[in-house]
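> Here's a sequence, model it:
(one chain, ligands or ions: 2)
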Amino acid sequence: MYKIVRKEVLNPVVKLMDIEAPRVAKSAKPGQFVIIRIYDKGERIPLTIADYDPEKGTVTIVFQEVGKSTKLLGTLNEGDYILDFVGPLGNTMEVPKDAKKILGVGGGVGIPALYPKLKMLHQEGYKVEAILGGRSEEYVIFKKEMEAVCDKVHYATDDGTLGKKGFVTDILKEVLENDKEVDYVITVGPVIMMKNVCKMTKEYNIPTIVSMNPLMVDGTGMCGACRIEVGGETKFVCMDGPIFDGHLVNFDLAMTRLNMFKKQEKVSLELYEQHHGGDHHGR
Ligand code: NAD
Ligand code: FES
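Ligands and ions are numbered 1, 2, ... in the order given. Predicted coordinates:
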């Protein structure tokens, strides 16, 4: 059992938790993820690690309450326990040693998944800049954390409440046009955003990595739920990812697969909500 030692509400749909998991905290690397299960018959939830502290033995997760399992997770409080917390899983990023300036592009709830990567690069002495976007100011999370590890942070919001009114790609175009030092891009966020970022960086011939976040079932390469296509080959995100060369990912297929179970997810959420939101055991 894994204890929740801190809980924070980041905005109306996103929550943060620090989980006591010393073994995971000790071996975690930027980009990796965990799979959690709240109770014995619960669904497995893959979450990209947002931060980790090997000394305190804690791992930070950030999640958006979209379905039954994440809503249930959101009802837990400091002092409560999670049944399974498996990880760290997945690959990590490799950035060329001679990269001059790395640009991180993050959208919405993908921003915390981008954070540990930029933090590590900053600690290793790289020049790091970020473009962060969300629907409105409150949906652009981890601003303070990002500003602490970036030389400059640009903001874009759909409604103009923070930074430029528009998408992250509107700022990306300006940056790529004017700052010829940027020679590596890391992007994490909605698939459509990562698709458009990669389309743009391909035009400028700038290597770009993405972190994919598909549906996962077993997380062991056996069920095939997380398969995507990269460079014409089938890859399993749980085993081969989550980080891939963004210029090789088939994003359209990834989006189709993400939407495949929307109907079942909606039914499951409606049933959960009808039963007064369930109890801590999801029953
Ligand atoms: P959102 O839909 O509010 O979008 C966030 C920002 O992304 C927007 O403000 C905009 O700047 C940019 N964006 C959106 N559509 C775009 C487009 N068509 N072109 C260019 N830029 C665009 O995001 P959200 O609801 O906070 O994020 C939810 C998504 O993030 C989910 O789909 C989830 O799967 C994904 N996510 C991914 C990871 C990962 O590791 N890849 C981690 C967490 C969440
Ligand atoms: Fe089953 Fe990846 S989640 S193969």
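> Contact residues of the chain facing ligand 2?
For the chain, the residues in contact with ligand 2 (CB under 6 Å from any ligand atom) are 216-219, 221-226, 236, 238. Backbone N, C-alpha and C define where each C-beta goes, glycine included.
> again, only using 8 Å
Residues of the chain lying close to ligand 2 (CB under 8 Å from any ligand atom) are 46, 214-227, 236-239.
> Please read off the pLDDT at whichever residue of the stretch 51-200 of the chain sits closest to ligand 1 from the model.
Going by CB to the nearest ligand atom, ligand 1 is nearest to Gly108 of the stretch 51-200 of the chain, at 1.8 Å. Gly108 is assigned 95 on the pLDDT scale.
> Surely it touches Arg135?
Yes: contact criterion CB atoms under 8 Å: Gly108 and Arg135 qualify, at 7.2 Å.
> higher neighbour count, those two?
Taking other CB atoms under 10 Å, Gly108 and Arg135 do not tie; Gly108 has more neighbours (22 against 14).
> anything in stretch 142-151 sitting right up against ligand 1?
No: counting by CB under 8 Å from any ligand atom, ligand 1 has no neighbours in stretch 142-151; the shortest distance is 11.6 Å.
> Pull the residues that contact that stretch.
Stretch 142-151 is contacted by residues 50-51, 62, 104, 106, 111-112, 115, 118-119, 122-123, 127-130, 132, 153, 155 when judged by CB atoms under 8 Å, 6 or more residues apart in numbering.
> Got a quick PyMOL command for the buried subset of the residues you listed?
Remark: buried members of these, expressed as a PyMOL selection using 16 or more other CB atoms under 10 Å:
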select buried, resi 50+51+62+104+106+111+112+115+118+119+122+127+128+129+130+132+153+155
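> What segments of the stretch 1-150 of the chain are strands?
Under the criterion DSSP state E, counting those that start in this stretch, the stretch 1-150 of the chain contains strands at 2-11, 14-20, 33-37, 45-48, 51-53, 58-64, 81-82, 84-89, 101-107, 127-134.
> Could you dump these into TSV with distance to Met260 added?
Putting the strands of the stretch 1-150 of the chain into TSV (distance: least, CB to CB, whole Å) gives the following:
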stretch	distance to Met260
strand 2-11	28
strand 14-20	24
strand 33-37	20
strand 45-48	16
strand 51-53	31
strand 58-64	19
strand 81-82	27
strand 84-89	22
strand 101-107	22
strand 127-134	26
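> Which of the ones you listed sits closest to Tyr204?
Closest approach to Tyr204 among the strands of the stretch 1-150 of the chain is made by strand 101-107 (10.8 Å; CB to CB).
> starting at the chain centroid, how far to that closest one?
Relative to its chain's centre, strand 101-107 lies at 13 Å (CA atoms, centre = their mean, to the nearest Å).
> list the helices and strands it packs on?
helix 111-123, strand 127-134, helix 168-178, strand 182-188, helix 191-203 (3 or more CB pairs under 8 Å, 6 or more residues apart in numbering; DSSP states H and E).
> ranking those by burial, who's on top?
strand 127-134 (a mean of 25; mean count of other CB atoms under 10 Å).
> Could I get the full set of helices for the stretch 151-283 of the chain?
With DSSP state H, counting those that start in this stretch as the criterion, the stretch 151-283 of the chain has helices at 168-178, 191-203, 237-240, 251-259, 262-274.
> Those: which one's closest to Pro12?
Nearest to Pro12 among the helices of the stretch 151-283 of the chain is helix 262-274; the distance by CB to CB comes to 16.1 Å.
> rewinding a little: looking at the strands of the stretch 1-150 of the chain, spot the one closest to Gly189.
Comparing these by CB to CB, strand 101-107 comes nearest, at 2.7 Å.
> Quick check: chain neighbours aside, which residue is closest to Cys198?
Gly246 (3.9 Å; CB to CB, 6 or more residues apart in numbering).
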